[in-house]
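Visitor: here you go, sequence then predicted model.
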Amino acid sequence: MDVFMSQKKGRAAQSASSLQAHRVQERRDVLFSGWRLIHPHQVIRAFLAQMKILDPALLTHTRAVAYYGLLLVRSFNVAPQDERELLYCALLHDLGLMGIDRRIIEKREKLTPQEWEVIRAHPINGEKILSSFPCFLNISPIIRHHHERFDGTGYPDGLNGEQIPFKSRLIAVVDAFVAMTNNRPYQGALGISDALETIDESKGKQFDPKITDLFTAVVVKTLKRRAVRERIAQEPDTDMP
């Protein structure tokens, strides 16, 4: 009798425990479903608004990377979903920098090894932030690897060649170009031709050769189109009344 009652109590406790676990899972499913209802654009706008307050220069850089990044990825004739993901990556690639001490970001002198390690952690920090949002699970690894180098000497994981996600390799080229063509605390801006030449010299070392060549062609083509539009805009109207 005692054995029977003990078994009965055990089954009852197990059933109650199972029911409790089921209810916990249901609550988790509801919460997760709520996260999925958050549109990526809403989150991105919030991050960019904070960036505008904390670091306006970073926001300017981010928008430029998004502009050139879209021009480049469209040259590969990718699907609209890939264009959209590239845009998200470009706008959020330096999100991890926002938590770094401004004295390090704006330092004009050479960084100490400790300060350099802080900077090198920003792709991981960005990945951690974005991993909290189900809508960004696909792009958080791209953010993590946008400072890898084609020859395997980059960070944080030392990936090389096509081990590096395709969109990370795209962002790497565009990010470097935008950085070089704008003033930085420790270095003045390069001209577009000089920046493209510097990137070309790092082809196969820091950057994917195919992406580098295509990016150069895209920039040159874009500048030519811009020059034509400006020339047309400046021409006097010769139509007869």
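Guide: Done, it's in. Residues are numbered from 1 along each chain as shown.
Visitor: and the helices in this structure, which stretches?
Guide: Listed in chain order, the helices of the chain (DSSP state H) span 2-36, 40-54, 56-74, 80-92, 102-105, 113-120, 122-130, 140-144, 166-180, 192-201, 209-234.
Visitor: rank the ones you listed by pLDDT, which is bottom?
Guide: Confidence, taken as mean pLDDT, is least for helix 2-36 of the helices of the chain (a mean of 52).
Visitor: what about residue 197, how many neighbours?
Guide: Neighbour count for residue 197, taken as other CB atoms under 10 Å: 12. All C-beta atoms are positioned from the backbone trio N, CA, C, and that covers glycine.
Visitor: hmm, residue 216 is touching residue 200, no?
Guide: Yes - Residue 216 is in contact with residue 200 according to CB atoms under 8 Å; the separation is 6.6 Å.
Visitor: show me what contacts the most centrally placed residue in the chain?
Guide: In the chain, the C-alpha nearest the mean C-alpha coordinate belongs to residue 93, at 2.4 Å (CA atoms, centre = their mean). Contacts for residue 93 (CB atoms under 8 Å, 6 or more residues apart in numbering) come out as 62, 65, 126, 143, 146, 171, 175.
Visitor: which two in those are spaced the farthest apart?
Guide: 65 and 126 (13.3 Å; CB to CB).
Visitor: what's the distance between residue 182 and residue 107?
Guide: 17 Å (CB to CB, to the nearest Å).
Visitor: err, residue 154, not the other one
Guide: 22 Å.
Visitor: okay, those two: which has more neighbours?
Guide: The neighbour comparison of residue 154 against residue 107 (other CB under 10 Å) goes to residue 154, with 21 against 15.
Visitor: mind pulling up the pLDDT for the more buried one?
Guide: In this model, residue 154 carries a pLDDT of 97.
Visitor: for residue 159, see how far away the nearest residue to it once chain neighbours are set aside is.
Guide: Among residues not flanking residue 154 along the chain, residue 148 sits closest, at 3.9 Å (CB to CB, 6 or more residues apart in numbering). Distance, residue 148 to residue 159, using CB to CB: 5 Å.
Visitor: quick one: residues contacting residue 124.
Guide: 96, 144, 156.
Visitor: good, we can wrap up now.
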